[in-house]
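J.: here is the input, now give the coordinates:
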Amino acid sequence: MRFGTFNLMHGRSLTDGLVETGRIWSGIAQLDADVLGLQEVDRAQPRSGHADLARIAADALGAEHAMFVPAVVGTPGEAFRPATDEDAEGVDPHYGVALVSRYPVLEWRITRLPAAPLRAPIVIPGPKGMRLTLLDDEPRVLLAAVVATPVGRMTVATTHLSFVPGWNVRQLRMVRRALLTLPAPRVLLADLNLPGGLPRLFSGWHRLAGVPTYPSQSPQVQFDHVLADRRRIERLGRVIDVTSPSMPFSDHRPLVVTVRGRW
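T.: Presented below is the predicted three-dimensional model:
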């Protein structure tokens, strides 16, 4: 089985600043993931040509099972409001996370995570390099699926945690509690905004790959993680391959982990 996570940065290229759906389709097809978690996903946003990026990803992977969940309605960094479950099928500009699966999904579960109550500095990438700015935090969302895989039923989830230090740790613990109510084994595919081994330290979950993924042009830090709960982890098998290929869009690189057999 191949698990992947990818922060799309709404599909924008750092080279030319454009969002091209064909480029996104080709990049995601290259990952060949059986289950893929996506963050910073646009739907009906003018900046990404009103495209449904989650649907493009599902088509690229030949996956029949996919779900997009907005964290906000509007455009981050401009004007937005927290999304609710009632916004899921709306036509307004949406921004959130998505989970795409080639395996049948038996159940979907959504858990909303509150935004930090303060502004924080964040580095914004662009064609002319990085710039530092103060931003209001956004509400976040955890999307989990109970999936029928070749090794049986399991839970796979994705989220994108806050960039505010400490608040992302609080959210990670909320994520862990929510996932423990779903069947094991459990895998989290996410941009946690926590570097290196910190997610393992704060969650107690097993880190399946240690590869820098950010910034995409010359990765120095791992913010993107594939974590597995230690409960019934033997059913997943052992890690046989880890890749983090360069993409023609986004400020992150994807992370793909292939598992086979037993630990």
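J.: burial count for the spatially closest residue to Leu118 that is not a sequence neighbour?
T.: Closest residue in space to Leu118, ignoring its immediate chain neighbours: Val164 at 6.9 Å, by C-beta to C-beta, 6 or more residues apart in numbering. Just so you know, the C-beta spots here come from the backbone N, C-alpha and C atoms, and that holds for glycine as well. By the criterion of other C-beta atoms under 10 Å, Val164 has 21 neighbours.
J.: Val164 and Leu135 touch, don't they?
T.: No: if you go by C-beta atoms under 8 Å, Val164 and Leu135 don't touch, sitting 9.6 Å apart.
J.: distance of Arg200 from Arg238?
T.: 18 Å (C-beta to C-beta, to the nearest Å).
J.: just Arg81 next, same as before
T.: Taken as C-beta to C-beta, the span from Arg81 to Arg238 is 45 Å.
J.: and for Glu138?
T.: When Glu138 is compared with Arg238 (using C-beta to C-beta), they lie 37 Å apart.
J.: more neighbours, these two?
T.: Ranked by neighbour count (other C-beta under 10 Å), Glu138 and Arg238 place Glu138 first, with 22 against 12.
J.: phi, psi of Tyr95?
T.: Backbone torsions of Tyr95, given as degrees, to the nearest 10, read phi -150, psi 130.
J.: got the contact list for it?
T.: Shown in contact with Tyr95 (C-beta atoms under 8 Å, 6 or more residues apart in numbering): 10, 40-43, 45, 70-72, 74-76, 80.
J.: apply 10 Å and report the result again.
T.: 10, 39-45, 47-48, 53, 68, 70-77, 80, 83, 138, 160 (C-beta atoms under 10 Å, 6 or more residues apart in numbering).
J.: list buried residues within the residues you listed.
T.: Buried subset of those (neighbour count, 16 or more other C-beta atoms under 10 Å): 10, 39-45, 48, 53, 68, 70-76, 80, 83, 138, 160.
J.: I'd guessed Val169 sits against Ala116; true?
T.: No: with contact defined as C-beta atoms under 10 Å, Val169 does not reach Ala116; the gap is 11.2 Å.
J.: could you tell me which residues touch both of these two?
T.: Ser162.
J.: circling back to that earlier point, so which of the contacts of Tyr95 belong to helices?
T.: Per DSSP state H, helices hold the following members of those: Leu53.
J.: which residue ranges of the stretch 1-150 of the chain form strands?
T.: 2-7, 35-43, 65-74, 80-82, 94-101, 105-113, 119-124, 131-136, 140-149 (DSSP state E, counting those that start in this stretch).
J.: only alpha carbons, please: show whichever helix in the chain runs longest as CSV.
T.: Longest helix of the chain, by residue count under DSSP H: helix 167-179. Output of helix 167-179 as CSV, limited to C-alpha atoms (Å, rounded to 0.1, in the frame of the first residue of the first chain):
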residue,chain,number,x,y,z
TRP,A,167,-1.5,25.7,19.4
ASN,A,168,-0.6,23.1,16.8
VAL,A,169,0.5,20.8,19.6
ARG,A,170,-2.9,21.3,21.2
GLN,A,171,-4.6,20.5,17.9
LEU,A,172,-2.5,17.4,17.4
ARG,A,173,-3.7,16.0,20.7
MET,A,174,-7.2,16.8,19.7
VAL,A,175,-6.6,14.9,16.4
ARG,A,176,-5.2,11.9,18.3
ARG,A,177,-8.2,11.8,20.7
ALA,A,178,-10.6,11.9,17.7
LEU,A,179,-8.8,9.2,15.8
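J.: please consider this matter closed, and thank you.
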